[in-house]
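Trainee: predicted model follows, preceded by the sequence.
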Amino acid sequence: MRILVLEDEPLLLSQLRDRLTASGFNVDTAADGEEGLYCALEYPIDLAVIDLGLPKLSGLEVVRGVRAGGKTMPLLVLTARDRWQDKVEALQAGADDYVTKPFAFEEVLARIQALLRRSGGWASPQLQCGPVVLDTREQRVTVHGRPVELTTFEYRLLEHMMLRAGEVLSKSELTDRLYENDAERDSNTIEVFVGRLRKKLDPDETLEPIETLRGRGYRFALARESA
Amino acid sequence: MLGSTLLALLVLLGLGAAGLDASFRDLARRALRETLDAQLLALMTAAETDGSGRVAAVSTLADPRLQTPASGLYAEIRTADGIAIWRSPSMVGAGAPSQLDAAVARPGDPAEYRESSATGTPRLATLARSIRWQIDAGAAQDLVFAVSTSLDPYETQLRRFRTQLFSGLSVMSAAVLLLISLLLRRALAPLDRLEREIAAVRGGSAAALGDGYPRELAGVTTSLNALLASEQSRLQRYRDTLGDLAHSLKTPLAVMRGALAAPASATRSELEQQLTRMTDIVDRGLRRAVPSGAVGLGGAAVAVQPVAAELRLAMLRAHGQRDFSIEIAVPDTAAFAGERADLLEALGNLMDNACKWCRGTVRVAAVPDIAAPSGTRSSSAVGRWLAVRVEDDGPGWPPDWLHGQPVRGRRADERVPGHGIGLAMVADMARLYGGELRLERGATGGAIATLVLPSA
């Protein structure tokens, strides 16, 4: 996986580069916004880590430029400003997640890994399988146009199942997707979440979106429509 | 302003005077011409013929001036070739013309009017008409009848009129100008006072503008005072925050300095502890410095629903490791009369708290039109109020927070685990806008935080 890191503070940049490389990533770096935007648009980058306070072109403008250039890879922003306005602005501009400084490297790594897991298969921000539509940018789900309120875990589970619609997914794989860190993994909770998803997506039991394959796992039965 | 008003008035008066003068001149000239026309008609009526039927003389003259030499009124009858058949007795003597300057007209044409002067004679106005005098059945005689009068009386009259006009208008202009000067001075006096008082505020000798301005300026001075109060409050907050920060940071810095001098094994954890403490202090200080409290100053109404929707997404990202949902039930009509950034930070902090403590559900709702908060100042310019409510199904507030009274702001370094920092900022922000933050227990024991703010 190739990661681009945009950070103007040299010490922090070299720390991130070294630790991400040690974690198994190929790392490209840039120290200003203009160079960073060029790299993001020209090279096959899988994920970019962008500091908001960059010289020449701000991090926010880099985010906007990447999205305007048609690139859909995940963008994780680093910000020293802990204001909700800055976080909201970053997400509105097209970033997928944010970490505030000072941060622990482990938190950045966990966020990167979660974003990479989720992003595999994103051709467009919307996933549609039959009447079920999932908006990955707004984290909203509708069935036949009716909004369905899901918890964060239910949403995460559904997103993964829809990305792999038609494939058999084991309980352990689904458990890995549910919990972004190592804490509190309980594979029995998958049954609970699948049950809740069935009730919310298909209250009349007419759609049957999720199949149980005994001994093997689950499958999302509605075919994915191309973007 | 006074100078340009005076100049405009002078120009207008000058134009008026020129108009009056032109009208009078025109009227006087028309009267003169009518007089000459009547004289001409009388002359034609009084013309006498000789034995052959041709016009030869005029013996009966209606106007005695035609009999008096150099009287200023003259008459003449001449042929079409210009040969004089008869001249009035007044055309003799010094100052009388030797002949009249009559235009050669054709019989039937309108009378010709002309003003002219010859050397040694005053200016004359002459009216001449050409007629075809029927002698008998087969013959006719083309004659020119002309009457002239001196223009001296006319010009004297015109001069007298102009003198009177000029004198009258000058007096009137002076009176009007004086009146306008006094009125303008009186009308502009409040603006001069406003300028002086603003200069005093900028110079630091006054904190606000005074009362007693006319109704037309009262709105401006009230708004300026509100702006000044808001800026002074913000400045004071920044000063307080910086003071708190500097004071609070010195302690962990001192501890870190001591830790560096200690054995290496003790250093790392102590440094980490102090770093965490310093980070929290800086965060709290920055949050306290953020709210502007600018009610209706330069900002449009801020719709609450889009802000809540944007924060929902940010919360789902920030608390991605927990399983919960956020419901937004905010009507489109709910709008906040203040800065969008303030609403974002306040609502963001309340939602952040709720997401941190909820068991599975957070609900954000708004009621657009509620009664004013209990502590509203009677002089407040805000008429309508909005309640934004954040509710969760968690363990609820600590019991000593539920006084049924609005939460007062807390000092920058006071902390209630998981609640105090953000809530203190939210309470401060609400108070700046004249509103309040209410904490209540929900029906199922969860926490409800209601932010009461001015409604747009």
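Mentor: Yes, it's here. Numbers count the residues shown, from 1 in each chain, chains lettered A, B, ... in the order given.

Trainee: name the element the residue of the stretch 201-350 of chain B found nearest chain A belongs to?
Mentor: Nearest residue of the stretch 201-350 of chain B to chain A: B:Gly348, at 3.0 Å (CB to the nearest CB). All C-beta atoms are positioned from the backbone trio N, CA, C, and that covers glycine. According to DSSP states H and E, B:Gly348 maps onto helix B:340-357.

Trainee: any idea which helix or strand comes after that helix?
Mentor: strand B:361-370.

Trainee: mean confidence score for that following strand?
Mentor: Mean pLDDT, computed over strand B:361-370, is 89.

Trainee: ok, stretch A:209-227 next?
Mentor: Rounded mean pLDDT across stretch A:209-227 is 87.

Trainee: show me where the stretch 251-400 of chain B has helices.
Mentor: Assigned by DSSP state H, counting those that start in this stretch, the stretch 251-400 of chain B shows helices spanning B:264-289, B:304-318, B:340-357.

Trainee: what's the angle from the second one to helix B:340-357?
Mentor: Pointing back at helix B:304-318 there. Comparing the axes of helix B:304-318 and helix B:340-357 via axes from the mean of the first three to the mean of the last three CA atoms, to 10 degrees yields an angle of 40 degrees.

Trainee: name the residues of helix B:304-318 that are buried.
Mentor: B:304-305, B:307-318 (16 or more other CB atoms under 10 Å in any protein chain shown).

Trainee: CA atoms of that helix as CSV?
Mentor: Output in CSV follows, covering the C-alpha atoms of helix B:304-318 (Å, rounded to 0.1, in the frame of the first residue of the first chain):
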residue,chain,number,x,y,z
VAL,B,304,-29.6,24.8,12.7
GLN,B,305,-30.5,21.7,10.7
PRO,B,306,-27.5,21.8,8.4
VAL,B,307,-25.1,22.4,11.3
ALA,B,308,-26.5,19.5,13.2
ALA,B,309,-26.2,17.3,10.1
GLU,B,310,-22.6,18.2,9.5
LEU,B,311,-21.8,17.6,13.2
ARG,B,312,-23.5,14.2,13.0
LEU,B,313,-21.0,13.0,10.4
ALA,B,314,-18.1,14.4,12.4
MET,B,315,-19.4,12.6,15.5
LEU,B,316,-19.7,9.3,13.7
ARG,B,317,-16.1,9.6,12.6
ALA,B,318,-14.8,10.8,16.0
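
Trainee: what helices and strands are in contact with it?
Mentor: helix A:84-93, strand B:325-329, helix B:340-357, strand B:361-370 (3 or more CB pairs under 8 Å, 6 or more residues apart in numbering or on different chains; DSSP states H and E).

Trainee: relative to B:Ala80, which of the ones you listed is closest?
Mentor: helix B:340-357 (97.3 Å; CB to CB).

Trainee: ok, what's across the strand from the nearest residue to B:Ala309 once chain neighbours are set aside?
Mentor: Using CB to CB, 6 or more residues apart in numbering or on different chains and skipping the chain neighbours, the partner closest in space to B:Ala309 is B:Ile328 (6.0 Å). Partner residues in beta bridges with B:Ile328, using DSSP bridges, are B:Val364.

Trainee: right, and B:Ile328 touches B:Val307 too?
Mentor: No. Counting by CB atoms under 8 Å, B:Ile328 does not reach B:Val307; the two are 10.0 Å apart.

Trainee: may I have the least confident helix or strand in chain A by mean pLDDT exported as CSV, CA atoms only?
Mentor: In chain A, no helix or strand scores lower on mean pLDDT, DSSP states H and E than helix A:171-178, which sits at a mean of 82. Taking Å, rounded to 0.1, in the frame of the first residue of the first chain, the C-alpha atoms of helix A:171-178 are listed here in CSV:
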residue,chain,number,x,y,z
LYS,A,171,-18.0,-14.5,11.3
SER,A,172,-14.3,-13.8,12.1
GLU,A,173,-13.9,-11.6,9.0
LEU,A,174,-17.0,-9.6,9.9
THR,A,175,-15.8,-9.3,13.5
ASP,A,176,-12.5,-7.9,12.3
ARG,A,177,-14.4,-5.3,10.3
LEU,A,178,-16.7,-4.4,13.2
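
Trainee: list the buried residues for that helix?
Mentor: A:171, A:173-175, A:177-178.

Trainee: now whichever helix or strand comes after that helix: mean pLDDT?
Mentor: Downstream of helix A:171-178, the next assigned helix or strand under DSSP H and E is helix A:189-201. Confidence for helix A:189-201, expressed as mean pLDDT, is 93.

Trainee: for residue 131, which residues are in contact?
Mentor: Went with chain A since none was named. A:143-144, A:207, A:222 (CB atoms under 8 Å, 6 or more residues apart in numbering or on different chains).

Trainee: that answer is for a different chain, and I need it for chain B
Mentor: Applying CB under 8 Å, 6+ apart, the residues near B:Ile131 are B:44, B:107-108, B:142-143, B:145.

Trainee: just list whatever residues bridge to it.
Mentor: Counting by DSSP bridges, B:Ile131 forms beta bridges with B:Leu143.

Trainee: sorry, back to before: and the least confident helix or strand of chain A, what does it pack onto?
Mentor: So helix A:171-178, by 3+ CB pairs under 8 Å, 6+ apart, packs with helix A:152-163, helix A:189-201, strand A:217-220.

Trainee: now find how far off-centre the helix or strand just after the second one is within its chain.
Mentor: Right, helix A:189-201. Note on helix A:189-201: by DSSP H and E, the next helix or strand toward the C-terminus is strand A:210-213. In terms of CA atoms, centre = their mean, to the nearest Å, the centre of strand A:210-213 is found 25 Å from the chain centre.

Trainee: now stretch B:175-187
Mentor: Centre-to-centre, stretch B:175-187 and its host chain are 21 Å apart (CA atoms, centre = their mean).

Trainee: which parts of chain B sit against chain A?
Mentor: Taking CB under 8 Å from any CB of the partner chain as the measure of proximity, chain B contacts chain A at B:275, B:279, B:283, B:286-287, B:290, B:310-311, B:313-314, B:316-325, B:327, B:340-341, B:344-345, B:347-349, B:352, B:360.

Trainee: distance of the residue in chain A that chain B sits nearest to relative to B:Leu343?
Mentor: Proximity to chain B, evaluated over chain A using CB to the nearest CB, is greatest for A:Trp84 at 3.0 Å. A:Trp84 is 10 Å from B:Leu343, where distance means CB to CB, to the nearest Å.
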